[in-house]
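Visitor: Here you go, sequence then predicted model.
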Amino acid sequence: MQNQPEEISKLLKKQKATEKKLDKLSESVSKNIEELKNLIKENTKTNHDLSMKIQSGKTTIDNYLENIKNKLDNLETKLNKMFRRKRLLKRVKILFKTIFGMLFLGASALAVYKLNLIKKNLSAPFKIIEDKLKNQIIVFRDTGLDKTKEYTDKIKKLAENKLKKQ
């Protein structure tokens with residue numbers, strides 16, 4: 001009989017110690033839950049900011065490429081008006097497409113270079129925009145440029161070297 005009250009008091013002490021441990025654990029769990037909620041809020045805000053930056057970059061590049069296309073169309077129209085003879089017109093068109101093709105590829109490579117910088121800093125999915133630029137280069141190549149692949153490779157190498165230097 002004497003052992004029972006001692007055992008009961010020992011068990012009560014153990015129970016109180018266990019309750020204290022449970023209280024500490026529940027406090028740490030609630031702190032962790034709050035930290036997770038804050039991290040989720042920050043992550044949501046960061047994702048929104050990144051998507052806005054991606055959208056603005058895509059819009060800027062689309063506008064830039066559209067302007068280049070319009071300028072090329074306007075210049076080709078002016079050439080058609082200036083030169084009436086067919087033979088001379090063909091020669092000038094080839095020269096025109098070659099010169100402006102180089103400029104266009106330079107602008108496209110610059111855009112790809114800037115995208116690579118952004119991709120390096122943000123590590124966001126820019127593959128869609130880069131593919132769009134490459135497709136436009138291929139379309140331009142199909143319109144009469146023979147050396148566009150060569151020019152594209154040279155410009156890409158220059159852009160990669162600049163990235164490595166930075």
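Guide: Thanks, I have it.
Visitor: elements contacting the helix or strand hosting residue 30?
Guide: Here residue 30 sits within helix 3-82, counting by DSSP states H and E. Contact analysis of helix 3-82 by 3 or more Cβ pairs under 8 Å, 6 or more residues apart in numbering; DSSP states H and E lists helix 86-122, helix 127-142 as its packing neighbours. From N, CA and C alone the C-beta is placed, and that goes for glycine too.
Visitor: Mind telling me which of the ones you listed the model trusts least?
Guide: Mean pLDDT per stretch puts helix 127-142 lowest among the helices and strands packed on helix 3-82, at a mean of 53.
Visitor: Quick check: next helix or strand after that helix?
Guide: Sequence order places helix 148-165 as the next helix or strand after helix 127-142, per DSSP H and E.
Visitor: and that next one, average pLDDT?
Guide: 72.
Visitor: Show me what it is packed against.
Guide: With contacts taken as 3+ Cβ pairs under 8 Å, 6+ apart, helix 148-165 sits against helix 86-122, helix 127-142.
Visitor: Residue 28: neighbouring residues, count only.
Guide: With neighbours defined by other Cβ atoms under 10 Å, the count for residue 28 comes to 10.
Visitor: Tell me the confidence at it?
Guide: Here, the pLDDT recorded for residue 28 equals 88.
Visitor: quick one: it from residue 22, how far?
Guide: Counting by Cβ to Cβ, to the nearest Å, the gap from residue 28 to residue 22 is 11 Å.
Visitor: before we move on, what about residue 4?
Guide: As judged by Cβ to Cβ, residue 4 and residue 22 stand 26 Å apart.
Visitor: Cheers, nothing more for now.
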